[in-house]
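> 3D model of this:
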Amino acid sequence: MFGIHPLRLLLRMVLCIGAALFVLWAVLALWIDGPVSRTAAGLIIGILLGALAGAVIWIRPFRRSLAAVVGLCIAVAAWWLTLSPANDRNWQPNVAHLPTATLDGSLLTINNVRSFRYGDDEADAQERWITATYDLDELVGFDIFFSFWGPQAYGHTIASWEFADGRHLAVSIETRKEVGESYSALRGFFRQFELYYVVAEETDVVALRTNHRGERVELHRIFTPDEGDRAMLLDYVQDINELAANPRWYNALTQNCTTTIWKHAKAVGSSFPLDWRLLANGYVLELAYQLGTVNSTVSLDELRRRSDITKLAIQNGDSGDFSRNIRQELLERPTAFPAPRP
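This is a model prediction of the structure:
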């Protein structure tokens, strides 16, 4: 080893680290997405690790040994990519029905809008699915909710469109869980959950978080130039209909509640950049504040304070004017990007 050129040694170390990470992914993929039987899954993983150890010990030179390790992991990846999502599983009641939409001129009709009412126990819900029609010519603007249940580095985002008649259409991008399943951050990186768009009234999807899960929720009015709010809603609708016909996997990294909003925004021409804060989405507000897509006439701390609608949501959880009442203390929606600061 001491005779190896430093650059070659560094390259070998980088390749070994990369291969080790690939092996770790392969093992987790087999354990999480492999056979339901833990014995069978463990046996397959043991065979894989034995083959990998043999490649490292017996195959020479280094490049061939590395190629063998990577090849075995690629075989696991090829199997993993064959796992198909489905729409016909035994779903939990709150994701039992897929929304679909039709457009007739400016009238958007959405089937299976969720309008649940929750008792003391979230599981004790009064189920209600409705069909609603919205006039896109009466669209007022686009809002985003940020919901936090713990550390502020990460939360859940919910998109919402406001109409002149006072109604709001909320869309929460989530996992579609089967009966008996619960969300796991680790499992969210693998092929365990289908992607699901909860199309709902704010009295359902927002009040659920503030009034029943004890989460802190901020609501921010978003500036979307050139009717971007309408274009983004129609892009959502296209994806909603596509998912009803062709299910897709949720992925905690690439297909989550925030990166998917970003993809919709980019699809309609938004200049919102790809940024690390999309992953640590508790910091997305800082990015939006810098870009001027949220109200930046006050300090960021003041904006957060004025946008915290948790108490108002708790007070108005059963009110027919829930959406209007939680917006009582919000700042005005920006109507243009701010002028550059000198």
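
> quick one: low-confidence ranges for the protein?
Along the chain, segments meeting pLDDT under 70 span 1-4, 268-271, 337-342.

> what residues go with each domain of it?
6-80, 93-325 (automatic domain parsing).

> let's have those in a markdown table, adding distance to E332 and mean neighbour count.
C-beta: built from backbone N, CA, C; applies to glycine. Converted to a markdown table, those look like this (distance: least, C-beta to C-beta, whole Å; neighbours: other C-beta atoms under 10 Å):
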| stretch | distance to E332 | mean neighbour count |
| --- | --- | --- |
| domain 6-80 | 47 | 14 |
| domain 93-325 | 6 | 17 |
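
> quick one: closest of those domains to L331.
Closest approach to L331 among these (C-beta to C-beta): domain 93-325, 4.2 Å.

> what's the end-to-end length of that closest one?
One end of domain 93-325 to the other measures 29 Å (C-alpha to C-alpha, to the nearest Å).

> ditto for stretch 175-190
Criterion C-alpha to C-alpha; first-to-last residue distance in stretch 175-190 is 12 Å.

> closest to A86 out of the domains of the chain?
Shortest distance between A86 and those, using C-beta to C-beta, is found for domain 93-325: 5.9 Å.

> quick check: closest non-adjacent residue to A68.
Spatial nearest neighbour of A68, excluding adjacent residues (C-beta to C-beta, 6 or more residues apart in numbering): A55 at 3.8 Å.

> the one you found and R63 touch, don't they?
No: with contacts counted by C-beta atoms under 8 Å, A55 stays clear of R63, the gap being 11.9 Å.

> ok, V205 to C257 distance?
12 Å (C-beta to C-beta, to the nearest Å).

> what sits in contact with each of the two?
Residues touching both V205 and C257 (C-beta atoms under 8 Å, 6 or more residues apart in numbering): I158, S172.

> and the helices in the stretch 1-150 of the chain?
6-33, 38-58, 62-80 (DSSP state H, counting those that start in this stretch).

> may I have the last one as CSV, with CA atoms only?
What that stands for is helix 62-80. The C-alpha trace of helix 62-80 is given here as CSV (Å, rounded to 0.1, in the frame of the first residue of the first chain):
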residue,chain,number,x,y,z
PHE,A,62,-8.5,-4.7,-7.0
ARG,A,63,-10.5,-3.4,-10.0
ARG,A,64,-11.9,-6.8,-10.7
SER,A,65,-12.8,-7.3,-7.0
LEU,A,66,-14.5,-3.9,-7.0
ALA,A,67,-16.3,-4.7,-10.3
ALA,A,68,-17.6,-8.0,-8.8
VAL,A,69,-18.9,-6.2,-5.7
VAL,A,70,-20.6,-3.5,-7.7
GLY,A,71,-22.0,-6.2,-10.1
LEU,A,72,-23.7,-8.0,-7.3
CYS,A,73,-25.3,-4.8,-6.0
ILE,A,74,-26.4,-3.9,-9.5
ALA,A,75,-28.2,-7.3,-9.6
VAL,A,76,-30.0,-6.3,-6.4
ALA,A,77,-30.9,-2.9,-7.9
ALA,A,78,-32.2,-4.6,-11.1
TRP,A,79,-34.5,-6.7,-8.9
TRP,A,80,-35.6,-3.7,-6.8
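
> report the separation between L234 and V198.
18 Å.

> and if you look at A20?
With distances taken as C-beta to C-beta, A20 is found 38 Å from V198.

> what does V113 give?
Here V113 is placed at a distance of 10 Å from V198 (C-beta to C-beta).

> nearest spatial neighbour of N251, chain-adjacent residues omitted?
Among residues not flanking N251 along the chain, F189 sits closest, at 6.5 Å (C-beta to C-beta, 6+ apart).

> again, but for Q152
In space, Q152 is closest to G282, 4.6 Å off (C-beta to C-beta, 6+ apart).

> what's the answer for L312, then?
Leaving aside its chain neighbours, L312 sits nearest to I326 (4.7 Å; criterion: C-beta to C-beta, 6+ apart).

> return the residues in contact with the one you found.
Per C-beta under 8 Å, 6+ apart, neighbours of I326: E202, V206, L219, I309, L312, A313, N316.

> phi, psi of it?
phi -70, psi -10 (degrees, to the nearest 10).

> check A280 too.
Dihedral angles for A280 - degrees, to the nearest 10 - are phi -90, psi 70.

> which residues does stretch 101-119 contact?
By C-beta under 8 Å, 6+ apart, stretch 101-119 touches 94, 97-100, 124-137, 169, 198-201, 203-205, 207-208, 211-212, 233-234, 237, 240-241.
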